[in-house]
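[1] fold the following.
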Amino acid sequence: MLKFSQSVHASGSVARNQIKFANGFMISIVAGTGMYSTMMNDVYYDGEYKTVEVAVIDPSGRFFKTAQWNLNDDDVIGYVDADTLVDIMAYVKALPADYQIALVNEQNAIFERRKAEEANATV
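    Numbers count the residues shown, from 1 in each chain. Prediction:
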């Protein structure tokens, strides 16, 4: 379970948090109305979520897509459970502070994943 304090969003109740790491990367965690998240209960807002929406932000403020979690070229990672959130946080914390190196590594990993998916599709 993920628990947040409430904030107000134009489209309804939204929980949000940001964590900035020493390497300059940040993750944005949101849940609620209009977000890729799942409430723990059927209560409109009790601050408890089964899953949340996560975005990885690079040191320059742009979305940073990871090969492991950003599938289908989405900017955000939807329906992230608590265990996966911990994995994403550890991953982002370990990214090299040099943005260009991190970007090249991820682009290479995404390319390799797509190549493997194409190879499996033709089999």
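
[2] could you list the single helix or strand in the protein with the lowest mean pLDDT?
    strand 7-9 (a mean of 48; mean pLDDT, DSSP states H and E).

[3] tally of neighbours for Asn70?
    19 (other Cβ atoms under 10 Å). Where you see a C-beta, it was placed from the backbone N, CA and C, and this is true even at glycine.

[4] for the remainder of this discussion, apply numbering that starts at 59.
    New numbering, starting at 59: the last item is Asn128.

[5] how many other residues sit next to the nearest residue to it once chain neighbours are set aside?
    Of all residues not flanking Asn128 in the chain, Ile135 sits nearest, at 6.0 Å (Cβ to Cβ, 6 or more residues apart in numbering). Ile135 is flanked by 22 other residues according to other Cβ under 10 Å.

[6] tell me the contacts of Ile135?
    Tyr94, Glu111, Val112, Ala113, Val114, Thr124, Trp127, Asn128, Ile146 (Cβ atoms under 8 Å, 6 or more residues apart in numbering).
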